[in-house]
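Peer 1: dropping a prediction and its sequence here:
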Amino acid sequence: MTLTTTDLVRMAALAEGGGMIQKLEYDAEGKLIYQGFAKPTTATSTAKWLIKKLTYSGFNVTDIQYAEGEVEYNKAWDSRATYNYK
């Protein structure tokens, strides 16, 4: 999946300046694996999250993929490990 500049700007604006909340999950080595964004008060079981997964080589991020390849707020944080990342 290729993200356009517009996609990236939209995500940054929503996450940083748009009053979004984040959920983070780290592995045993302290590397960020999953990052989720949603509006404040959104339940983690509600399908209103944008979720991305980071892949590493050593401690360097080599890939960032989105749940089901969608840059949309339509996934549940609680189900993050069950999605396919593209």
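Peer 2: Right, received. Where do you want to start?

Peer 1: from here on, just use CA atoms for contacts and neighbour counts.
Peer 2: Noted.

Peer 1: show me where the chain has strands.
Peer 2: 21-26, 32-38, 47-57, 60-66, 75-76 (DSSP state E).

Peer 1: do you know which of these lies nearest Tyr85?
Peer 2: Tyr85 lies closest, by CA to CA, to one member of those: strand 60-66, at 5.2 Å.

Peer 1: in that closest one, which residues are buried?
Peer 2: Gln65, Tyr66 (16 or more other CA atoms under 10 Å).

Peer 1: any chance of the strands of the chain in CSV, plus distance to Tyr85 and mean pLDDT?
Peer 2: CSV is the format used below for those (distance: least, CA to CA, whole Å; pLDDT from 0 to 100):
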stretch, distance to Tyr85, mean pLDDT
strand 21-26, 15, 93
strand 32-38, 11, 95
strand 47-57, 7, 96
strand 60-66, 5, 94
strand 75-76, 12, 98
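
Peer 1: closest to Thr82 out of those strands?
Peer 2: Nearest of those (CA to CA): strand 75-76, 10.0 Å.

Peer 1: OK, contacts around Asp63?
Peer 2: Residues near Asp63 by CA atoms under 8 Å, 6 or more residues apart in numbering: Leu54, Thr55, Tyr56.

Peer 1: hmm, I typed the wrong one, I wanted Tyr26.
Peer 2: Contacts of Tyr26 (CA under 8 Å, 6+ apart): Leu32, Ile33, Tyr34.
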